[in-house]
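Q: Prediction below, plus the sequence it came from.
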Amino acid sequence: MTDAPADYKIKGVLKDEKKSAFRKYRDIYYGNTSLGYVIKSELIVTLTAGVSGALGLFLRQILYPRLFKSCGRKVVFGKNLTLRHAHKITLGDRVVLDDNVVVDAKGESNEGVSLGDDVYVGRNTIIYCKNGDIAIERAVNISSNCQIYSSNKLTLERQSVIAAYTYILSGGQYDYKDRTKTFAEQSGMVTRGPTTVGPNCWLAAGVVIVDGVTVGEHCVIAAGAVVTDDIPPDSLAAGTPAKVLKSI
């Protein structure tokens, strides 16, 4: 296991006494962007984020695309989204971000987050980076209250279905052999490698996929399973840790 490159530490930013409160806020929410971009983003979000009903959907569909690296056609933006480092977020056509979704592409040297055409992200789901990259391919359906985290590289391939309360991560480990730092003092970015969920998979409710794991094409992972090793294509897996029960 190795530390992910270019460690990005929010705690370090918050503790920096040389920076003003606004500078800290700007670093965490916007990263390396111009003051003009920050002001524009603050105005758009303040005026439209909490507007309900058809008017809110209309206003956000018109104004929110200005915040992103690129934004496709007919994207739906729900209420009260949290968007951090949006200049490193790419949205395809017909993406849906439901109410209270978080998309956070923060990092110093990462590419950020990309959501392909027809991706659906359910309410209260959190997609966030610590200097990692997240690629969610075409027509992936992510239900409510999921967490998807990367300090390395995380890919959800096309047309997979992710049920509620699922947790998928790439990176995010701590070095228990390092006695020079407590866990709280470590970056939490130790990683075994990229995490990939192949195309046309179904992860049932409450699944956990840990760092450095590959789930092959056309797999079903049963509810509550914890996937700690690679799962070959066309498999049904269940348990803690997950084991392949049969080929499908």
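A: Okay, I see it.

Q: just for this structure, where's the confidence low?
A: 1-16 (pLDDT under 70).

Q: Let's see that with 80 instead.
A: Scanning the chain for pLDDT under 80 picks out the ranges 1-19, 187-189.

Q: which residues in it form helices?
A: Per DSSP state H, the chain carries helices over the ranges 10-15, 21-29, 35-48, 53-63.

Q: Including mean neighbour count and distance to Asp229, could those go into TSV?
A: In this view, the C-beta of every residue, glycine as well, is placed from N, C-alpha and C. Compiled in TSV, the helices of the chain are given as follows (neighbours: other Cβ atoms under 10 Å; distance: least, Cβ to Cβ, whole Å):
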stretch	mean neighbour count	distance to Asp229
helix 10-15	12	31
helix 21-29	15	35
helix 35-48	14	42
helix 53-63	14	42
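
Q: out of the ones you listed, which comes closest to Thr166?
A: Thr166 lies closest to helix 10-15 among the helices of the chain, at 23.9 Å (Cβ to Cβ).

Q: of all the helices of the chain, which lies closest to Glu185?
A: Using Cβ to Cβ, the helices of the chain put helix 10-15 closest to Glu185, at 9.3 Å.

Q: For the residue nearest the centre of the chain, give its distance to Phe58.
A: Compute the mean C-alpha point of the chain, and by Cα atoms, centre = their mean the closest residue is Ile127, 2.2 Å away. Using Cβ to Cβ, to the nearest Å, Ile127 is found at 24 Å from Phe58.

Q: Same check on Thr90?
A: For Thr90, the distance to Phe58 equals 23 Å [Cβ to Cβ].

Q: Please apply the same query to Asp175.
A: From Asp175 over to Phe58 the distance is 49 Å, taken as Cβ to Cβ.

Q: and if you look at Ile89?
A: Using Cβ to Cβ, Ile89 is found at 21 Å from Phe58.

Q: and what of Tyr30?
A: In terms of Cβ to Cβ, Tyr30 sits 25 Å off from Phe58.

Q: What of Lys19?
A: From Lys19 to Phe58 the distance is 38 Å (Cβ to Cβ).

Q: cool, Asn80 as well?
A: 16 Å.

Q: Would you confirm that Val102 contacts Tyr128?
A: Yes: with contacts counted by Cβ atoms under 8 Å, Val102 reaches Tyr128, the gap being 6.4 Å.

Q: Now do the shared contacts for the two.
A: Arg84 (Cβ atoms under 8 Å, 6 or more residues apart in numbering).

Q: okay, the two: which has more neighbours?
A: Tyr128 (20 against 17; other Cβ atoms under 10 Å).

Q: So in terms of bridging, what pairs with the more buried one?
A: For Tyr128, the beta-bridge partners under DSSP bridges are Asp104, Tyr149.

Q: related to what we said a few turns ago, mind listing what the residue nearest to the centre of the chain touches?
A: Going by Cβ under 8 Å, 6+ apart, Ile127 touches Val101, Val102, Val103, Asp104, Val113, Val121, Ile134, Ile136, Ile148.

Q: Good, we can wrap up now.
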